[in-house]
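Undergrad: the following comprises the amino acid sequence and a computationally predicted model.
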Amino acid sequence: MIQEKKSWKQKTVDYIVITAAAFLYGVAVSLFLDPNDVAPGGVSGVAMILNRMIPVETGTLILLLNIPILGLGLYKFGLRFLMSTIYATAASSFFTNLLAVYPPATEDLLLATVIGGGIAAVSLGLIFKVGATTGGTDIIVKVLRLRYPHLKSGRLFLICDMVVVAASAFVFDRLDSAMYAAIGVMVMSVVFDMILYGTDGAKLIYIVSDYSSVIAGRMLEELDVGVTYLEGVGAYSNQKKRVLMCVVRKQIAPHVEEIVKEEDPASFMIISSATEIYGEGYKNIFSEKI
């Protein structure tokens with residue numbers, strides 16, 4: 001499936017989003033994480049570590065470290081992908097240096113870790129949503145997602161970042177900073193996945209009941225959710241039964257349970273989590289997987 005090229009209006013909106021997200025990233029690094037010796041992993045964390053060893057600004061180091069990784073991005077994703085990523089990388093580095101002259105927003109390590117990590121994750125999530133990255137481990141994660149699509153981006157970031165966090169303990173010579181950085185990485189992982197996948201969380205429900213038609217009717221009328229009939233046969237009784245299958249958002253699942261309890265307390269019901277759903281009301285099956 002060949003995706004349609006974005007219009008100029010869409011591209012303009014994308015670059016506005018990237019600019020705003022890059023500013024947020026600069027805020028996270030320069031006002032919360034870097035001044036408190038909290039290396040959040042990835043290229044930014046490596047840049048913070050190197051900044052303590054050589055007299056080069058953290059933002060500049062982020063840009064320099066990204067050059068070979070951008071080459072990998074060019075090879076894997078092509079020039080169209082690379083253009084937005086170069087812009088995102090340059091903008092993030094620029095805002096990181098620009099905001100570094102200001103004093104830290106807080107000197108409390110816990111606040112700096114949680115708020116800084118959360119802001120950075122929101123920034124990365126927004127940039128990923130428009131099809132770009134800020135370079136660094138973003139590109140590495142995107143490449144890994146091509147090879148292992150079942151792994152979520154936040155978890156891949158977690159693996160890459162923990163290596164940098166471990167190294168920061170030795171360079172900063174502060175074990176507490178490394179432990180706080182580990183907390184920051186976990187915060188970033190959770191928030192990042194929430195930005196990308198949060199709206200996909202739902203419940204997959206199977207209902208085996210003698211009153212399946214009544215239950216399905218109430219679900220369609222009262223909850224406005226799709227229901228599918230599956231034909232089932234009991235292995236012991238050898239009797240045919242209709243099995244209801246539906247996917248509903250988490251907040252609607254309790255209402256489904258109430259309907260089933262009211263109509264058939266003796267029914268058999270299975271409820272499990274569904275993390276990625278494609279179709280009407282959810283994600284487009286042809287959309288790019290991020």
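TA: Ah, there it is.
Undergrad: helix, strand, or coil at residue 60?
TA: Judged by DSSP: H, G, I helix; E, B strand; the rest coil, the three-state class of residue 60 is helix.
Undergrad: break this structure down into its domains, please.
TA: Domain ranges of the chain: 8-198, 202-274, per automatic domain parsing.
Undergrad: gap between the longest one and the chain center?
TA: It refers to domain 8-198. Between the centre of domain 8-198 and the centre of its host chain there is 13 Å, according to C-alpha atoms, centre = their mean, to the nearest Å.
Undergrad: let me see the mean pLDDT of it.
TA: Here domain 8-198 scores 86 as its mean pLDDT.
Undergrad: contacts for the longest strand along the chain, please.
TA: Counting residues, the longest strand found in the chain (DSSP state E) is strand 240-249. Under the contact criterion C-beta atoms under 8 Å, 6 or more residues apart in numbering, strand 240-249 has outside partners 201-210, 212-213, 215-216, 219, 223, 225-234, 256, 274, 277, 282. In this view, the C-beta of every residue, glycine as well, is placed from N, C-alpha and C.
Undergrad: who does that strand pair up with?
TA: Strand 240-249 sits in its sheet next to strand 202-208 (antiparallel), strand 228-233 (antiparallel), going by DSSP bridges.
Undergrad: which residues in the stretch 1-150 of the chain form helices?
TA: 8-27, 42-51, 58-99, 109-129, 137-147 (DSSP state H, counting those that start in this stretch).
Undergrad: turn the ones you listed into CSV, columns for mean neighbour count and distance to residue 261.
TA: Shown next, in CSV, are the helices of the stretch 1-150 of the chain (neighbours: other C-beta atoms under 10 Å; distance: least, C-beta to C-beta, whole Å):
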stretch, mean neighbour count, distance to residue 261
helix 8-27, 17, 45
helix 42-51, 24, 48
helix 58-99, 19, 50
helix 109-129, 22, 38
helix 137-147, 19, 41
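Undergrad: reformat those helices as TSV; add distance to residue 243.
TA: Converted to TSV, those look like this (distance: least, C-beta to C-beta, whole Å):
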stretch	distance to residue 243
helix 8-27	43
helix 42-51	46
helix 58-99	43
helix 109-129	37
helix 137-147	35
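Undergrad: nearest to residue 251, of the ones you listed?
TA: Nearest to residue 251, of all those, is helix 109-129, at 22.1 Å by C-beta to C-beta.
Undergrad: sorry, back to before: are any of the contacts of strand 240-249 buried, and if so which?
TA: By neighbour count, with 16 or more other C-beta atoms under 10 Å, the contacts of strand 240-249 hold 202-205, 207-209, 212, 215-216, 219, 223, 225, 227, 256, 274, 277 as buried.
Undergrad: show me what contacts residue 219?
TA: Residue 219 neighbours (C-beta under 8 Å, 6+ apart): 225, 227, 244, 246, 256, 259.
Undergrad: now the fifth one: how far from residue 216?
TA: When C-beta to C-beta, to the nearest Å is the yardstick, residue 256 and residue 216 sit 11 Å from each other.
Undergrad: equivalent analysis for the second one, please.
TA: Distance, residue 227 to residue 216, by C-beta to C-beta: 5 Å.
Undergrad: do the last one as well
TA: In this structure, residue 259 and residue 216 are 10 Å apart, going by C-beta to C-beta.
Undergrad: who's in contact with stretch 8-24?
TA: Contacts of stretch 8-24 (C-beta under 8 Å, 6+ apart): 6, 84, 87-88, 91-92, 94-95, 119-120, 122-124, 126-127, 129-132, 134.
Undergrad: what segments of the stretch 151-290 of the chain are helices?
TA: Per DSSP H, counting those that start in this stretch, the stretch 151-290 of the chain carries helices over the ranges 153-171, 175-197, 212-218, 253-263.
Undergrad: buried residues in the longest one?
TA: I take that to be helix 175-197. By neighbour count with 16+ other C-beta under 10 Å, helix 175-197 contains the buried residues 177-178, 180-197.
Undergrad: next one: the last one
TA: Buried positions in helix 253-263, judged by neighbour count with 16+ other C-beta under 10 Å: 253, 256, 259-260, 263.
Undergrad: which other helices and strands contact it?
TA: In terms of contacts (3 or more C-beta pairs under 8 Å, 6 or more residues apart in numbering; DSSP states H and E), helix 253-263 is packed against strand 202-208, helix 212-218, strand 268-274.
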